[in-house]
Every structure is written in C-alpha cells, then in structure tokens.
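>>> Quick one, structure for this:
(4 chains)
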2 protein chains.
Amino acid sequence: MQRSDLPVYIQVRDQLWLWISEHRLGGQERLPAERELASRFNTTRVTVRQALGQLEAEGKIFRSNRRGWYVTPERLEYDPSRDIGFYNTVSEQGYTPSTETLSKELTEMPSWLAEISGLPEGTPVYHVLRRRSIDSRCVLVEHNYINPVNCPGLLSQDTDHSIWELLRETYNLHPSKRQIEIYPQALTGIEAEALGVNPGSAGLYMQRLTLDTDANFLEFDREYWVHDALKVSVQADQ
Amino acid sequence: MQRSDLPVYIQVRDQLWLWISEHRLGGQERLPAERELASRFNTTRVTVRQALGQLEAEGKIFRSNRRGWYVTPERLEYDPSRDIGFYNTVSEQGYTPSTETLSKELTEMPSWLAEISGLPEGTPVYHVLRRRSIDSRCVLVEHNYINPVNCPGLLSQDTDHSIWELLRETYNLHPSKRQIEIYPQALTGIEAEALGVNPGSAGLYMQRLTLDTDANFLEFDREYWVHDALKVSVQADQ
DNA sequence: AAATCAATCTGGTATATACCAGATATTAAG
DNA sequence: CTTAATATCTGGTATATACCAGATTGATTT
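Next comes the predicted model:
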C-alpha cells in the first residue's frame, strides 16, 4: 500500500473497519484470515496484525485463539453497586448468560483478604471461582470470597446462577456498604488461560467489598473482564 | 534465547521485570534502549518489543514517544463520585499535579449532549478542554461541559485548578445526583495526540453527568486516561 | 553566553520469510 | 453411522533487516 502520508497500518485499520461496516458484520461474525487480508491490502501479515491490534484495542474486534478474528458485540451495561448480578444483567439486555463453576471450596482466609475484611487470618471462608460468558463468549472470571457465618451450606447450592440472589432469598442477607475498585489490568496467567485469551490481553479488573448493616464482612469479589465486554455504569446520589 | 518451553518474549518479559525490580528502578526511571536489550537478551528488537508490550499492558512500564521506556509510577486512587477533583486528589497522595487548559469557549450544546442533559439542542454551554499531568507525565485529557446558567463568567476564571472548587465556592453550586460510566477505551485521534501516546494505546474512558438537587443539568465530564495511571475507587452505600 | 546546525540516539514502521501449535475439516477405517 | 487418523487452515512466535522521524546531544558559529 502506502499512498497517503498516513502509516500503512492506520490505513489498513480504517479501510478494514470500513469494510466491516459496509458488510454489516455484526456481533461474533468472523473476519477473513490474516493472510487473506494481507494479500487483499497488498501488504504483509505483520502489518495486517498491527492494524488488527488497533481495532482490537478499540474494542471493535476480538480474537479467538487460533480460530480467527471476530466482530465485538455491544458492551454489556453493568452496575457493580447494585446486586442484581451478572445473570440478570445479561438477560435483561437480551443476551444469553452462562456460568461455569471452575472450583468451590471452604478455605482459610489468606492474609491479604484478612486485611481487607477485618477478620483474622485463617478464618474459614468460601471461595468460588467461576467463568462467565455472554452468548458463548467468555468475558469474565470471578473469585467470590464469602463469609460462611451467615450462609452455611452455600457450596452445596447451585452456583451457576446469581450468588447474590441466593444470599438474599435463601439466607436473607442484605448488603449495606460497598467499596469498589476498578482499573484496567492486563490478563495474564490463570485468568488469561481461563478466558482463552493471549497473555497480556487488555482487561478490566474490578473488586468489590460488601459489608452488612453492622459493617460485618459479607463478601469479597474479584472480577477479571475482557476489556471490550462491558461498560460500567454507576449511579451515585449524594 | 529459547531455553525453556516458554515463548521467548515471555521469558524476556519476566527477566526484564526481574532486572527492573532488582535494580529498584522507580517511577519514571528510564529503561535501557530496545537495541541494547535485544543484544543483552540475545534476541531481536521485534521480540524485545513484544516483551515490552506485555509489561506495558500490565501497566508496569510506559513509553514516551521516541524517547524511551520508563517505569510506571503507582496508580492514583481516584473517586469520581466525590467532587474533590483531580488537583486535590493528586496532591493528597503526594504527587505534583499540573493542568493545561487547551481551550475554553462558550458554545452550543450538540445533539448528543442535549439528549444526555435533557436540555434543548443549541442551548449555550461552556466547553473546557484540559490536559492534566502527574509529576509531569500527561495522564488525562478532559472535556468539561458546564451549564452557564448558574455560573456566569466562569471562563474568565482560572481553569487550571479544580473547576468543582470554583463551582462550589464561587457559585455555591452543589451536586446531588451523578451518573458515571467507565470502560476501557483505546486512545486515538486527538486524545492520543494530546497525551503524546501512540494511536491505539490502552486507555480508560470515564464520563460523569452531574445534576443538582432539582435534577437540573450542572455539568457533563468526559475523561480520557492513560490506562495505567489510575485506580477508580468508589464508595457506594445503600 | 546564546543561537544554530549537525550528528546521533531513540522508538516507529515496514517487508520478507519461516516454522510452530492449536482448531477445524476431511478422509479413511472400523 | 461412529470413530480415528490425517491434512489443512488459522493465528502465534521468531529472525533478520531496513529505513523513517522525532528527541536529544554536542559542536560550531555568532
């Protein structure tokens, strides 16, 4: 290529996005292979991959390991300050949620969580690890750390739906105070592996500490999202 | 390289980070040049850049256009639901904030903002564009759209500090309701240029709608952050 | 001492090529 | 028809190399 003064990969990025728009490719539809694009734009795979990386960073396309590139669906609107949960949020917006519980166990509170929760290290705590998908696309791995004091036998329940619904309806627990942290964080190690993305992929980290009305520890939550799957939306009244 | 079964760029990533840690390189300290690293790790610049890209994605290092790679300082803790503002937040955490007002003008409300604010299109509105830095590193460009009804003459004030402090102390305005949206968003076009980063760099987008006690439009804010500079921390009581 | 110019250092972009490994489709065997 | 082996398609990783453009440094001139 190289006609205008813009870098080739920028031109490819824009023309490719134009092509996608013109062909009205929608959520989860596949793009032509990299080699095909390289010959179509008369450049090399390296440069094409640079262009694809741009669209990926913009959240417009995503890759599925060694299968190809796909158009990213609309972002999910998600309010972490409410407790309607992933399952209901996804359903309400017309998508199909699914959850796999990768592990659940009763364990001892590690020191970092002890510091956060205010409970002594070694206190029993439920730990649930789940992978969640929207329309079959893995978007999130989530660690739940739950205080077992108020919800004995939680682990024998079905954890493939909303844990908060369980806590609310079965155990009559109600959150009062939350402290939420959110920041961009690359997905590496087990999170990247669980989500089936390349190590170093852009992600969003979100953690949530929930206390009851007496400021007792109810739950701590760590969520690792793929970067293009959600839009955090918080209502804050003062 | 290539000794273990791990990809070379992963090994370089880890060894480089080890080297940085061992040499106690702190915030904003410079790394050796890419060519230097390539020869040190006995590989090519392309692979080194892949490793650097990993550490960049993890928020551990950042690049300054054609000057080199630097160690990322600690993230700023930032609560968008409070109105203490950027300037005070940065100062309180021991850093040096600075702001440049890139433009400020009285303009007419565009349609997208009319929809959000509930006011008719074309209504006069202040528009302030600012670039903000922490310890001389550009971390944020910010668009402020302010309802001039309650703060006439705002633009003749100094906008290099907290606008909210101005609104509060000079105009006695107090926010009541906020609606905040946050999501990862690549920096492109004018935002990338203003921040001096490459197009497609990872960023965090944050927008904030602020209303007064009568649900009247006070301010709308769009912030484009570099991805590694902040940790959003929100208190939510129910 | 200050301003100007040139050399040099840095990351940014680009081509060409090769092989690997997982995913998928195809074919052959039971 | 089901299963297993195989071929093929895909993106992932890696090397070698070249030139460009902005940033910095150092020398030269004024």
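>>> how much space between the closest residue to A:A236 other than its chain neighbours and DNA strand D?
Counting by C-beta to C-beta, 6 or more residues apart in numbering or on different chains, B:S81 is the residue found nearest to A:A236 once chain neighbours are left out, at 3.9 Å. Where C-beta positions appear, they are placed from N, C-alpha and C, glycine not excepted. B:S81 is 36 Å from DNA strand D, where distance means C-beta to the nearest atom of the strand, to the nearest Å.
>>> I'd say B:S81 and B:I180 touch.
Yes. When contacts are counted by C-beta atoms under 8 Å, B:S81 is listed as touching B:I180 (6.7 Å).
>>> Now for the two: what residues contact both?
Contact with both B:S81 and B:I180 is made by residues A:V234, A:A236, B:V234, according to C-beta atoms under 8 Å, 6 or more residues apart in numbering or on different chains.
>>> What about these, which are in strands?
Here DSSP state E is the test, and the shared contacts of B:S81 and B:I180 give A:V234, A:A236, B:V234 as lying in strands.
>>> Using pLDDT, spot the least trustworthy of these.
pLDDT is lowest at A:A236 among these; the value there is 80.
>>> Who does it form a beta bridge with?
B:R178 (DSSP bridges).
>>> Next up, the contacts around it.
A:S81, B:S81, B:K177, B:R178, B:Q179, B:I180, B:V234, B:A236.
>>> Can you mark which positions in stretch A:164-184 are buried?
A:W164, A:L166, A:L167, A:L173, A:P175, A:R178, A:Q179, A:I180, A:E181, A:I182, A:Y183, A:P184 (16 or more other C-beta atoms under 10 Å in any protein chain shown).
>>> ok, and of these, which contact DNA strand D?
When those are filtered against DNA strand D using C-beta under 7 Å from any atom of the strand, no residues are retained.
>>> Of these, which pair is most distant in space?
The largest separation in these, counting by C-beta to C-beta, is between A:L173 and A:P184 at 31.4 Å.
>>> ok so, going back, and of the shared contacts of B:S81 and B:I180, the nearest to A:P199?
Nearest to A:P199 among those is B:V234, at 28.9 Å by C-beta to C-beta.
>>> Was I right to think that closest one contacts B:D79?
Yes. With contacts counted by C-beta under 8 Å, B:V234 reaches B:D79, the gap being 6.0 Å.
>>> These two: which has the busier surroundings?
B:V234 (22 against 15; other C-beta atoms under 10 Å in any protein chain shown).
>>> Which residue, other than its chain neighbours, is closest to the more buried one?
Counting by C-beta to C-beta, 6+ apart, the residue nearest B:V234 is A:I180, at 4.6 Å.
>>> how near is that neighbour to B:V139?
21 Å (C-beta to C-beta, to the nearest Å).
>>> What of A:P7?
Distance of A:P7 to B:V139, computed by C-beta to C-beta: 25 Å.
>>> Comparing those two, which residue is more hemmed in?
Neighbour count, other C-beta under 10 Å: between A:P7 and B:V139, B:V139 has more, with 26 against 15.
>>> What backbone torsions are found at the residue lying closest to that one once chain neighbours are set aside?
What sits nearest to B:V139 in space, not counting adjacent residues and going by C-beta to C-beta, 6+ apart, is B:A229, at 3.9 Å. Dihedral angles of B:A229 (phi, psi; degrees, to the nearest 10) stand at phi -100, psi -10.
>>> Then A:Y70?
Torsion angles, degrees, to the nearest 10, at A:Y70: phi -130, psi 160.
>>> What of A:E100?
Torsion angles, degrees, to the nearest 10, at A:E100: phi -120, psi 130.
>>> Would you confirm that it contacts A:V128?
No. Contact between A:E100 and A:V128 fails when scored by C-beta under 8 Å: they sit 11.3 Å apart.
>>> the more surrounded of these two?
Shown here are A:E100 and A:V128; by other C-beta under 10 Å, A:V128 has more neighbours (19 against 14).
>>> Just the pLDDT for that one.
Here, the pLDDT recorded for A:V128 equals 95.
>>> all helices of chain A, in order?
A:8-22, A:34-40, A:45-57, A:85-92, A:111-117, A:163-169, A:189-195 (DSSP state H).
>>> Now render those helices as CSV, adding distance to A:Q28 and mean pLDDT.
Listed next are those as CSV, based on distance: least, C-beta to C-beta, whole Å; pLDDT from 0 to 100:
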stretch, distance to A:Q28, mean pLDDT
helix A:8-22, 13, 93
helix A:34-40, 18, 93
helix A:45-57, 15, 94
helix A:85-92, 15, 92
helix A:111-117, 36, 95
helix A:163-169, 27, 88
helix A:189-195, 16, 90
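>>> So which of those is the most surrounded?
Of all those, helix A:45-57 has the most neighbours on average by mean count of other C-beta atoms under 10 Å in any protein chain shown, namely a mean of 20.
>>> In terms of secondary structure, what does that helix contact?
In terms of contacts (3 or more C-beta pairs under 8 Å, 6 or more residues apart in numbering or on different chains; DSSP states H and E), helix A:45-57 is packed against helix A:8-22, helix A:34-40, strand A:61-64.
>>> Please name whichever of these is nearest to B:V48.
Closest of these to B:V48 is helix A:8-22, at 19.3 Å (criterion: C-beta to C-beta).
>>> What residue, apart from its backbone neighbours, is nearest A:G85 spatially?
A:S162 (3.5 Å).
>>> what's stretch A:79-96 in contact with?
A:73, A:76-78, A:97, A:99, A:132, A:134-136, A:140, A:142, A:161-165, A:168, A:175, A:178, A:180, A:182, A:206, A:208, A:232-236, B:234, B:236, B:238.
>>> Mind exporting the C-alpha coordinates of that stretch to PDB?
Output in PDB follows, covering the C-alpha atoms of stretch A:79-96 (Å, rounded to 0.1, in the frame of the first residue of the first chain):
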ATOM      1  CA  ASP A  79     -23.700  -1.600  37.600                       C
ATOM      2  CA  PRO A  80     -21.500  -3.100  40.300                       C
ATOM      3  CA  SER A  81     -23.100  -1.100  43.000                       C
ATOM      4  CA  ARG A  82     -26.400  -3.000  42.600                       C
ATOM      5  CA  ASP A  83     -26.800  -6.600  43.400                       C
ATOM      6  CA  ILE A  84     -28.900  -7.800  40.600                       C
ATOM      7  CA  GLY A  85     -25.900  -9.900  39.400                       C
ATOM      8  CA  PHE A  86     -24.400 -10.900  36.200                       C
ATOM      9  CA  TYR A  87     -27.000 -13.400  35.200                       C
ATOM     10  CA  ASN A  88     -29.900 -11.000  35.400                       C
ATOM     11  CA  THR A  89     -28.000  -8.100  33.900                       C
ATOM     12  CA  VAL A  90     -27.100 -10.100  30.800                       C
ATOM     13  CA  SER A  91     -30.600 -11.500  30.400                       C
ATOM     14  CA  GLU A  92     -32.300  -8.100  30.700                       C
ATOM     15  CA  GLN A  93     -30.100  -6.800  27.900                       C
ATOM     16  CA  GLY A  94     -31.200  -9.500  25.600                       C
ATOM     17  CA  TYR A  95     -28.100 -11.700  25.700                       C
ATOM     18  CA  THR A  96     -27.700 -15.300  26.900                       C
END
